[in-house]
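Engineer: Take a look and give me a structure for this.
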Amino acid sequence: SGSRAEAADSASVSSPYFHFGNPAARAWREMQSRERHPEVMRHKAALAAVDRSIQEYEVRMTHTRICRNGLSMKRAFDGTPAEATPRE
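Structural biologist: From the prediction side, this is the model:
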């Protein structure tokens, strides 16, 4: 049955214009390699959630750094007298 899946996989990619693969063959290979086991799927979902959390945290920290830099620049400009600015 493995050769049938491989044949179906190669038949689905015979066109030079697109490559979608064979989802059924991919699912079968994942089941055979135990990647579709419920425990493995739970671990993959947990890792995906952690990856999303890390990305959200990094975005939040970048935003905070930009805001702090902008606020410190505003404070520096507010504390500088108008006569200290360069003239054209």
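
Engineer: When you work out contacts or count neighbours from here on, use the C-alpha atoms and nothing else.
Structural biologist: Will do.

Engineer: so where is this protein shaky, pLDDT-wise?
Structural biologist: 1-16, 87-88 (pLDDT under 70).

Engineer: one more time with 90
Structural biologist: The model of the chain has pLDDT under 90 over residues 1-23, 26-27, 30-31, 34-36, 76-88.

Engineer: the helices in the chain, which residues?
Structural biologist: Ranges of helices in the chain, per DSSP state H, are 2-12, 23-32, 38-78.

Engineer: would you list those helices in TSV and tack on distance to Pro86 and mean neighbour count?
Structural biologist: Putting the helices of the chain into TSV (distance: least, Cα to Cα, whole Å; neighbours: other Cα atoms under 10 Å) gives the following:
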stretch	distance to Pro86	mean neighbour count
helix 2-12	68	13
helix 23-32	66	13
helix 38-78	13	12
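
Engineer: would you turn the ones you listed into TSV with distance to Ala84?
Structural biologist: Below are the helices of the chain laid out as TSV (distance: least, Cα to Cα, whole Å):
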stretch	distance to Ala84
helix 2-12	71
helix 23-32	68
helix 38-78	10
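
Engineer: And those: which comes nearest Thr85?
Structural biologist: For Thr85, the closest of the helices of the chain is helix 38-78, at 9.4 Å, according to Cα to Cα.

Engineer: How far off centre is the closest one?
Structural biologist: In this view, helix 38-78 has its centroid 13 Å away from the chain centroid, taken as Cα atoms, centre = their mean, to the nearest Å.
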